[in-house]
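> sequence and predicted structure are below.
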Amino acid sequence: MQQLTSEALRLAYRREDDVVRILLPLPHTPAATLRWVSQFATVTNATLQSEEWGADRFQSTLFTGELQILINIEWLCDAIWLELIAGGDNAGDKLWDWCQKTLGTVEKPAI
């Protein structure tokens, strides 16, 4: 698995309703998953707070200094996505704004 970079993330994130999908290949092992999440935290200047494993999924909570974000990696769905914890009615907008500020803008949000 390659190093996760801010450029790779900038090109790979898309908004879908109140979540942000990360359109990158999923990590293949538990160690690779932990490395990916750690690299994501480093690239976004966030702090890892917790992690939880399920049969076919992984979740980790990040704190950005202003937001708590849940990273979801699910192998059955072949998907990585972010969602805001306790974001209220405009959670999708807050998360999208954070992504654009932190990762850079993408051409068009996929809503």
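It's in. Numbering: from 1, shown residues only.
> most centrally placed residue in the protein?
With distances taken as C-alpha atoms, centre = their mean, the chain has L82 as the residue nearest its mean C-alpha position (4.1 Å).
> quick check: phi and psi at it.
phi -110, psi 140 (degrees, to the nearest 10).
> contacting residues around the closest residue in space to L23 that isn't next to it in sequence?
Take L23 and drop its neighbours on the chain: the residue closest to it by C-beta to C-beta, 6 or more residues apart in numbering is A12, 4.6 Å away. From N, CA and C alone the C-beta is placed, and that goes for glycine too. The contact partners of A12, by C-beta atoms under 8 Å, 6 or more residues apart in numbering, come to I22, L23, L24.
> helix/strand/coil for the last one?
At L24 the chain is in coil, as set by DSSP: H, G, I helix; E, B strand; the rest coil.
> low-confidence ranges, this protein, go.
Residues of the chain that meet the criterion pLDDT under 70 lie in 1-2, 106-111.
> swap the cut-off to 80 and go again
For the chain, applying pLDDT under 80 flags the ranges 1-2, 87-88, 105-111.
> show me where the protein has helices.
6-12, 30-44, 91-103 (DSSP state H).
> in a markdown table, list these along with distance to L70.
Formatted as a markdown table, these follow (distance: least, C-beta to C-beta, whole Å):
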| stretch | distance to L70 |
| --- | --- |
| helix 6-12 | 16 |
| helix 30-44 | 11 |
| helix 91-103 | 10 |
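> so which of those helices gets nearest E66?
helix 91-103 (7.6 Å; C-beta to C-beta).
> convert the C-alpha atoms of the closest one to CSV, please.
Coordinates of each C-alpha in helix 91-103 appear next as CSV, following Å, rounded to 0.1, in the frame of the first residue of the first chain:
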residue,chain,number,x,y,z
ALA,A,91,-23.8,18.1,9.2
GLY,A,92,-23.1,17.4,5.5
ASP,A,93,-22.3,21.1,4.9
LYS,A,94,-20.0,21.3,7.9
LEU,A,95,-18.2,18.1,6.9
TRP,A,96,-17.9,19.2,3.2
ASP,A,97,-16.6,22.6,4.3
TRP,A,98,-13.9,20.9,6.5
CYS,A,99,-12.9,18.6,3.6
GLN,A,100,-12.5,21.5,1.2
LYS,A,101,-10.6,23.6,3.7
THR,A,102,-8.3,20.8,4.8
LEU,A,103,-7.8,18.8,1.6
